[in-house]
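Q: below: sequence and its predicted model.
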Amino acid sequence: MKFAEEELRRSGSACALDLGCGAGRNAIPLARLGWKIFGIDLSWPMLCAAATRAREDRLDSRFHPVLAPVEGIPARDRSFDLVIAHGIWNLARSAVQFRRALCEAARVAKPGAGLFVFTFSRNTFPPQTESVVGEPFVFTQFSGEPQCFLTEAQLVAELGCVGFAPDPGVPFREYDRSRLGALSSRRMPVIYEAAFRHES
């Protein structure tokens, strides 16, 4: 929220995209700040729940739910001043799907747009853990399903390929990392939190 507040002051306009918005956990508070939010998700019930929350908070004019995948965003090029990718890109089942989602985020981001990322870290697993055959950062050991767990260098490189560079004013953080780099008994993933800026 702090990053979004600063972006609102910086950008001079207020159109944000919440990827995988779910029931509006981020979208509704962002709308309350003054953002016009387009929230996309693949779950119709979750979108309905978010729309209900927006209506109850009298924010329905600021929140626009859309049923769509993150790799096929129904928006024009250069539409958004802020993109939120909170716990969504890690759900990609392959590097191809992950990269399509990043390309779409870059396509709809305005030049200079901020990007907030909250995603799984490779440090969730011990170094010897093997990825899915033929996949550079897809693992099944966490949930039994393919999910993306990148190193910091991989995340920066993948986003760099589509025009996002780390925001030097925001620390790159990692949460819940164990001392041994092993999956904890609580089955909690290690998480990256970072901000980037669209350069092209």
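A: Arrived safely, thanks for sending. Numbering: from 1, shown residues only.

Q: what about the helices in this structure?
A: In the chain, the helices defined using DSSP state H lie at 2-11, 27-33, 44-56, 95-108, 152-161.

Q: most tightly packed of the ones you listed?
A: Of all those, helix 27-33 carries the top mean neighbour count, a mean of 22, counting by mean count of other C-beta atoms under 10 Å. Every residue, glycine included, has its C-beta placed from N, CA and C.

Q: got JSON lines for the helices of the chain, with distance to residue 129 and mean pLDDT too?
A: Shown next, in JSON lines, are the helices of the chain (distance: least, C-beta to C-beta, whole Å; pLDDT from 0 to 100):
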{"stretch": "helix 2-11", "distance to residue 129": "31", "mean pLDDT": "84"}
{"stretch": "helix 27-33", "distance to residue 129": "34", "mean pLDDT": "95"}
{"stretch": "helix 44-56", "distance to residue 129": "31", "mean pLDDT": "97"}
{"stretch": "helix 95-108", "distance to residue 129": "17", "mean pLDDT": "98"}
{"stretch": "helix 152-161", "distance to residue 129": "15", "mean pLDDT": "98"}
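
Q: closest to residue 71 out of the ones you listed?
A: Residue 71 lies closest to helix 95-108 among those, at 3.9 Å (C-beta to C-beta).

Q: just the angle for that closest one relative to helix 152-161, thanks.
A: 50 degrees (axes from the mean of the first three to the mean of the last three C-alpha atoms, to 10 degrees).

Q: helices or strands up against helix 95-108?
A: Secondary-structure packing of helix 95-108 (3 or more C-beta pairs under 8 Å, 6 or more residues apart in numbering; DSSP states H and E): strand 15-19, strand 80-86, helix 152-161, strand 164-166.

Q: for residue 165, name its beta-bridge partners.
A: residue 197 (DSSP bridges).

Q: check the gap between it and residue 113 for me.
A: 12 Å (C-beta to C-beta, to the nearest Å).

Q: got any residues that touch both of these two?
A: residue 197 (C-beta atoms under 8 Å, 6 or more residues apart in numbering).

Q: name the residue in the two with the higher neighbour count.
A: residue 113 (26 against 14; other C-beta atoms under 10 Å).

Q: surely the more buried one meets residue 196?
A: No: Residue 113 lies out of contact with residue 196 (C-beta atoms under 8 Å); the separation is 9.3 Å.

Q: low-scoring stretches of the chain, by residue?
A: Within the chain, the ranges that satisfy pLDDT under 70 run 179-186, 200.

Q: put the alpha carbons of stretch 59-71 into CSV.
A: Output of stretch 59-71 as CSV, limited to C-alpha atoms (Å, rounded to 0.1, in the frame of the first residue of the first chain):
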residue,chain,number,x,y,z
LEU,A,59,-16.2,2.2,-4.5
ASP,A,60,-17.9,0.4,-7.4
SER,A,61,-17.2,3.4,-9.7
ARG,A,62,-13.5,2.8,-9.0
PHE,A,63,-13.4,-1.0,-9.3
HIS,A,64,-13.9,-2.8,-12.5
PRO,A,65,-13.8,-6.7,-12.3
VAL,A,66,-12.9,-8.6,-15.5
LEU,A,67,-12.9,-12.4,-16.0
ALA,A,68,-9.7,-13.0,-17.9
PRO,A,69,-6.3,-14.8,-17.7
VAL,A,70,-3.2,-12.9,-16.9
GLU,A,71,-1.6,-14.0,-20.2
